[in-house]
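Undergrad: What follows is a predicted protein model with its sequence.
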Amino acid sequence: MHDVGAGWAMTSLGTSAFMVALVQAAATTPMFLLSLPAGAFADVVDRRKLMLAVQAGMLIIAAILAWAAGGGWLTATGLLAATAGLGIGAAMVNPAWQTAMTDLVPAEELPSAAALNSISLNLSRAVGPALGGLLVARLGPSAVFALNAVSFMGIIAALWAWRYQRPPQAAPAERFLGAMQAGVRYVRHSPSMRSQLVRTASFTLFASALWALMPLIARRHLDMGPTGYGMLLASLGAGAVAGTFIHARARARMTPNAIVVAATGLSAAATTTVGLVGVPWIACLAIAGAGVAWVSMVVSLNVAALAGTPGWVRARALACYFTVFFGGMAIGSATWGSCADHVGIPSTLFISSAGLLATLATIRRHPLRTPTPEELRFSNHWEDPAVAREIRADDGPVVVTIEYFIQEADTRNFIDAMGPVSQTRYRDGAFSWTLSRCTHNPRRWLEVFMVESWAEHLRQHARATIADRKIQVRAKRFHVGPDKPRVSHFVAVDVPRGAAVADVP
């Protein structure tokens, strides 16, 4: 309902297509800018308290917006500012909100839980826009903004009733900046997350055209009023609800990548149809098809992000996903709004459809990959380091060396097996990694990686998964000798600079 009120209010202010599209950009840009710090907060603080505080702030912003609109003081700048404020709140709460799903259901039920979550969201998208269109037509946008403010009270009550307990920490607690760095490092060195982000960016950048231009499609392309605009959004929501059930059936018969291809093709076809026809009921059917495609893609991407990461970094990985998702929406919204001002709405929709189809060229190189829940479980296979003296948490950097003896015939296979090992080291905390061969004994190899502090190395021990263990065991099989590979730890010490140096004759 709020989306209808905000979008229609901007068209009523007599501004350009670019300004109308900026409403969508103002809502999504904070997601792009703030998702990563929000994800770090969600992993290091109490998620329930964070969500309660942010929802209270969003209630205040929504109430101010309703007051300004009701008093006739609302301007385009004020509307964008309030929309951005609500977007900031959504950005700060979204990683915690999504990660809470994993606190409520076991890992094997995450796909079904994500689908159920999508049903509730898209039911509101189906019913809300129609009601919003009627309210805007009869009472104006201020009524919708006021109802939106009231709705936050229900969310706050639900969060207040939730008895959330933070999981026990198996390693020293992380600090905010370090948590952000660890999250980015994990995503950077996780092949499954990299592919997921490529799929997210390529879809949202082009699919955002239909979302951003929806008010203009209703008002200018189809010559519809606010009720008609609400019907278009209701069609999108209804298609999304239907898409949730279609996706559940498709998931039992199709691979995630086949669903990605089908959803992308359907989205392109629906967007093209809206651009070609000027008949409202045909446009509603096409937009419903776009809703089916949208929810199929979003659920696939959400499940890949939720189920493809271990618990210690899940909120931050989700934050990286949201950064790319809403960054694509924000950049796409501004781009398509500007494009519509120059070439018109139909041509803009045709260009976005062609872009959607072009993204399918990357599906082989960047498919969706999701580890099993068993692979992401904590394995506890790292032995505790031997310590002869007290080491402070902040001491470091820490250098870890592992010595292997490898037969000459196994050299190539050993090097190949160490490639995935390096990814696990980087992903779980290392900032440097090398594999070296001894000059006087070619059978002797040394793996060396560095971690920024002793506490971060202890966290590495708590982050190792069963999938990591399989990768590391595969490499260790090439080691020969009566003993296991020898592991040593070294902690850096401060050396005074400018110390006197003895004269050398």
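TA: Happy to help now that I have it. Numbering: from 1, shown residues only.

Undergrad: Can you give me the neighbour number for the closest residue in space to V54 that isn't next to it in sequence?
TA: Nearest residue to V54 in three dimensions, chain neighbours excluded: V93, at 4.3 Å (Cβ to Cβ, 6 or more residues apart in numbering). Glycine gets a C-beta too; all of them are placed from N, C-alpha and C. V93 is flanked by 24 other residues according to other Cβ atoms under 10 Å.

Undergrad: buried stuff in the helix or strand where V93 lies?
TA: Per DSSP states H and E, V93 falls inside helix 76-104. Within helix 76-104, the residues scored as buried using 16 or more other Cβ atoms under 10 Å are 76, 79-80, 82-102.

Undergrad: sorry, back to before: and the residue nearest to V54, what's its pLDDT?
TA: pLDDT recorded at V93 is 85.

Undergrad: which ones are touching it?
TA: Residues in contact with V93 (Cβ atoms under 8 Å, 6 or more residues apart in numbering) are 38, 50-51, 54-55.

Undergrad: measure it to G87 for me?
TA: Distance of V93 to G87, given as Cβ to Cβ, to the nearest Å: 11 Å.

Undergrad: cool, and L110?
TA: For L110, the distance to G87 - Cβ to Cβ - is 26 Å.

Undergrad: With W454 instead?
TA: 40 Å.

Undergrad: likewise T75?
TA: In terms of Cβ to Cβ, T75 sits 18 Å off from G87.

Undergrad: go on, R220?
TA: According to Cβ to Cβ, R220 stands 25 Å off from G87.

Undergrad: and what of G396?
TA: Going from G396 to G87 by Cβ to Cβ gives 38 Å.

Undergrad: go on, S202?
TA: Distance from S202 to G87, by Cβ to Cβ: 23 Å.

Undergrad: quick one, domains of this structure?
TA: What automatic domain parsing lists as the domains of the chain is 2-362, 398-491.

Undergrad: how about TSV for those domains, with distance to R389 added?
TA: TSV is the format used below for those (distance: least, Cβ to Cβ, whole Å):
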stretch	distance to R389
domain 2-362	18
domain 398-491	10
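
Undergrad: could you pull out the strands for the stretch 351-500 of the chain?
TA: Under the criterion DSSP state E, counting those that start in this stretch, the stretch 351-500 of the chain carries strands at the ranges 398-405, 430-437, 444-451, 486-491.

Undergrad: Could you report the neighbour count for L357?
TA: Residues lying near L357 (other Cβ under 10 Å) number 15.

Undergrad: Is A430 in contact with E452, as I believe?
TA: No: A430 is beyond contact range of E452, at 9.0 Å (criterion: Cβ atoms under 8 Å).

Undergrad: coming back round to it: compare the contacts of V93 and tell me which is most surrounded.
TA: Neighbour-wise, those (other Cβ under 10 Å) top out at A38, 29 neighbours.

Undergrad: Point out the other helices and strands that the strand or helix carrying it packs with.
TA: Take DSSP H and E as the rule and A38 turns out to sit in helix 17-44. Here helix 17-44 touches helix 2-12, helix 76-104, helix 176-188, helix 191-212, helix 214-216, helix 314-343, going by 3 or more Cβ pairs under 8 Å, 6 or more residues apart in numbering; DSSP states H and E.

Undergrad: how about a markdown table for those helices, with distance to A25 added?
TA: Formatted as a markdown table, these follow (distance: least, Cβ to Cβ, whole Å):
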| stretch | distance to A25 |
| --- | --- |
| helix 2-12 | 11 |
| helix 76-104 | 9 |
| helix 176-188 | 24 |
| helix 191-212 | 7 |
| helix 214-216 | 13 |
| helix 314-343 | 4 |
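
Undergrad: Secondary structure element holding the nearest residue to F152 once chain neighbours are set aside?
TA: Leaving aside its chain neighbours, F152 sits nearest to L59 (3.8 Å; criterion: Cβ to Cβ, 6+ apart). Assigned by DSSP H and E, L59 belongs to helix 47-70.
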